[in-house]
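**Student:** return a 3D structure for these sequence lines:
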Amino acid sequence: MCLSCFTNYTYSIANNTCTIDCSLVNYCASCNFTSTINCLTCLNGFYLSSNTCSSLCGDGILVSTEQCDDHNTANGDGCSANCTIEPKYYCTGVINSTSACLSCLPLCLTCTNSSSCNGCEVGYTYNSTNCTIDCSPIKYCTLCDFSNGLTCTSCLIGYYPNGNLSSCFYTCGDGIRVAEEQCDDGNVTDNDGCSSNCTL
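**Tutor:** Next up is the predicted model:
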């Protein structure tokens, strides 16, 4: 049994011999050795040039150096001209196959399938079903709009949108006690147990 091989050779258990280590040339499938390792053929999806194996984006063969390969080099179809997955798309396919790229959910930037989202566009959040406007930057807001910047159109019970719809405020004396109030008896009269600023 061989314990060690010459430089540029590797031990093969299958036939108990030292063979040329073609993996020293990245993605090389077969090679010979004179004074250096010379790659003869590359792994499927890689092409030989000047003793180097390189992938070719757009050949329709997905390899480990590519995120996708849909058999073209067009941008805007989910797989870019340099074989990376474009925003708002996800691509399927296994190594040595052609990728198929499909659209994510509306307003979704990154996804792995058509029914989930890993990240929505700015101003939106994923709610386990789709991307909806993220009202959370406006405290107490429950319904908002993002067509011209974030505005709030409806607030939690006891709070009301302000004039430019940029925040929610509460009104002492409306009869709805909210977190900022100690009491709210429906008026702003002092000396009745709940003061005009809704403190006891």
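**Student:** if I look at Cys28, how far off is Ile20?
**Tutor:** Separation of Cys28 from Ile20 (CB to CB, to the nearest Å) stands at 10 Å. C-beta coordinates here come from the backbone N, C-alpha and C atoms, glycine included.
**Student:** quick one: common contacting residues for these two?
**Tutor:** By CB atoms under 8 Å, 6 or more residues apart in numbering, Cys28 and Ile20 have these common neighbours: Ile37.
**Student:** ok, those two, which is more surrounded?
**Tutor:** Cys28 (23 against 18; other CB atoms under 10 Å).
**Student:** mind giving me the domain ranges of this structure?
**Tutor:** Domain segmentation of the chain under automatic domain parsing yields 9-55, 135-200.
**Student:** right, and the ones you listed - which one's nearest Thr129?
**Tutor:** The closest of the domains of the chain to Thr129 is domain 135-200. By CB to CB, the value is 16.2 Å.
**Student:** ok, now which ones touch Cys57?
**Tutor:** Cys57 touches Glu66, Asp69, Thr73, Ala81, Asn82, Cys83, counting by CB under 8 Å, 6+ apart.
**Student:** just give the number of residues close to the first one.
**Tutor:** This means Glu66. 23.
**Student:** got a pLDDT number for the closest residue to it other than its chain neighbours?
**Tutor:** The shortest distance from Glu66 to any non-neighbouring residue, by CB to CB, 6 or more residues apart in numbering, is to Cys83 (4.0 Å). For Cys83, the model assigns a pLDDT of 97.
**Student:** how many neighbours does Cys83 have?
**Tutor:** Using other CB under 10 Å, Cys83 has 22 other residues around it.
**Student:** for Asp184, see how far away it is.
**Tutor:** Counting by CB to CB, the gap from Cys83 to Asp184 is 62 Å.
**Student:** give me the three-state assignment for Ser23.
**Tutor:** Look at Ser23: counting by DSSP: H, G, I helix; E, B strand; the rest coil, its state is helix.
**Student:** what's the following helix or strand after the worst-scoring helix or strand of the chain on mean pLDDT?
**Tutor:** Here the helix or strand of the chain ranked lowest by mean pLDDT, DSSP states H and E is strand 9-12, holding a mean of 85. Following strand 9-12 in sequence order, the next helix or strand is strand 17-20 (DSSP states H and E).
**Student:** what does the next helix or strand after that next one contact?
**Tutor:** Once strand 17-20 ends, the next helix or strand along the chain (criterion: DSSP H and E) is strand 28-33. Outside of strand 28-33, the residues within contact range by CB under 8 Å, 6+ apart are 8-9, 20, 22, 25, 37-43, 53.
**Student:** what mean pLDDT does strand 28-33 have?
**Tutor:** Mean predicted confidence for strand 28-33 is 94.
**Student:** all good on my end, thank you.
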